[in-house]
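Undergrad: Just the structure for this:
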Amino acid sequence: MINNPKVDSVAEKPKAVTSKQSEQAASPEPTPAPPVSRNQYPITFNLTSTAPFHLHDRHRYLQEQDLYKCASRDSLSSLQQLAHTPNGSTRKKYIVEDQSPYSSENPVIVTSSYNHTVCTNYLKPRMQFTGYQISGYKRYQVTVNLKTVDLPKKDCTSLSPHLSGFLSIRGLTNQHPEISTYFEAYAVNHKELGFLSSSWKDEPVLNEYKATDQTDLEHWINFPSFRQLFLMSQKKRSQLN
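TA: Okay, here's the model as predicted:
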């Protein structure tokens, strides 16, 4: 018997194909994995990151937009100068010519929670002032944030503090880079509460703010306007004597 190699090789090919098809039928094709739901991996935010606009900055930005911000140069004259400067800045709509009834000859009735108190265009709740405190050769940055403003009208006062807020100072000590202090204050430019607290009425609330005449003068003499008036009054007294 003569073997024909061509015939044998042709006969082997169907066997190979048949065996391969049987193996594929025995092992089914793997089903594709379902798509991963997006809810399975929630997005997280790192609040401690140094991104240019994270959640803390956003809250601070929105809060600052509600403030009547006014960065002064340590004096009322600078505020008055800003009021008459047509620079179109955001401060102009808050600092304008003062038309309030505060200390006016004919006070206008102002609708507020207190009928005997009023705000001015230069002092309002949530205003902010920045400046510097100079002590010797050192200079510290100071920020004052007003919380409440209830200034008295002419010939009228209130036992509640006329001003309250927070005073913050930076760079005072290395251990505490910034120190904030809550303060309460009274306006002293009318008959009821003079510059010398010894002349105030004997009220339990007011007695906490009283000091000696020497202490009051040492404080008020730091203001140029008061210093000028005080020296003029001293000069008139010497002439009368």
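
Undergrad: My read is that Trp220 contacts Gln228, right?
TA: No: using C-beta atoms under 8 Å, Trp220 is not in contact with Gln228; the gap is 11.4 Å. Every residue, glycine included, has its C-beta placed from N, CA and C.

Undergrad: The two: who's more crowded?
TA: Between Trp220 and Gln228, counting by other C-beta atoms under 10 Å, Trp220 is the more crowded of the two (16 against 10).

Undergrad: Skipping its backbone neighbours, what lies nearest that one in space?
TA: Phe226 (4.5 Å; C-beta to C-beta, 6 or more residues apart in numbering).

Undergrad: number of nearby residues for the one you found?
TA: 14.

Undergrad: Assign a three-state SS to it, would you?
TA: With DSSP: H, G, I helix; E, B strand; the rest coil as the basis, the three-state label of Phe226 is helix.

Undergrad: hang on, Glu146 in a strand?
TA: Slight slip there: residue 146 is Leu, not Glu. Yes: in this structure, Leu146 lies within a strand as judged by three-state DSSP.

Undergrad: Return the set of residues that bridge with it.
TA: Gly165 (DSSP bridges).

Undergrad: That one and Leu163 touch, don't they?
TA: Yes: in this structure Leu146 lies within contact range of Leu163 using C-beta under 8 Å: 6.5 Å.

Undergrad: Identify the contacts common to the two.
TA: Leu123 (C-beta atoms under 8 Å, 6 or more residues apart in numbering).

Undergrad: helices and strands of this protein: which one bottoms out on pLDDT?
TA: Lowest on mean pLDDT, DSSP states H and E among the helices and strands of the chain sits strand 68-69, with a mean of 38.

Undergrad: circling back to that earlier point, roughly how far does the residue nearest to Trp220 sit from Val144?
TA: Counting by C-beta to C-beta, to the nearest Å, the gap from Phe226 to Val144 is 19 Å.

Undergrad: just Phe223 next, same as before
TA: Distance from Phe223 to Val144, by C-beta to C-beta: 16 Å.

Undergrad: Of these two, give the one with the bigger neighbour count.
TA: Val144 (17 against 13).

Undergrad: check contacts around Trp179.
TA: Careful, residue 179 is Ile and not Trp. Contacts of Ile179 (C-beta under 8 Å, 6+ apart): 168-169, 172-173.

Undergrad: List buried residues within those residues.
TA: Buried members of the contacts of Ile179, counted by 16 or more other C-beta atoms under 10 Å: 169, 172.

Undergrad: where are the low-confidence patches of the protein?
TA: Counting by pLDDT under 70, the chain has low-confidence residues at 1-119, 121, 154-157, 189-190, 241.

Undergrad: again, 90 this time
TA: 1-124, 133-139, 149-163, 171-177, 185-210, 213, 217-241 (pLDDT under 90).

Undergrad: What are the buried residues along the helix or strand containing Gln239?
TA: Secondary structure from DSSP states H and E places Gln239 in helix 224-240. By neighbour count on 16+ other C-beta under 10 Å, the buried set for helix 224-240 is empty.

Undergrad: Show residues contacting that helix.
TA: Contacts for helix 224-240 (C-beta under 8 Å, 6+ apart): 195, 217, 220-221.

Undergrad: Write a PyMOL command that selects only the buried members of those.
TA: To isolate the buried ones among the contacts of helix 224-240 in PyMOL, judged by 16+ other C-beta under 10 Å, type:
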select buried, resi 220
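
Undergrad: Can you tell me which of the contacts of helix 224-240 is nearest Glu178?
TA: Ranked by distance to Glu178 (C-beta to C-beta), the contacts of helix 224-240 are led by Trp220 at 28.2 Å.
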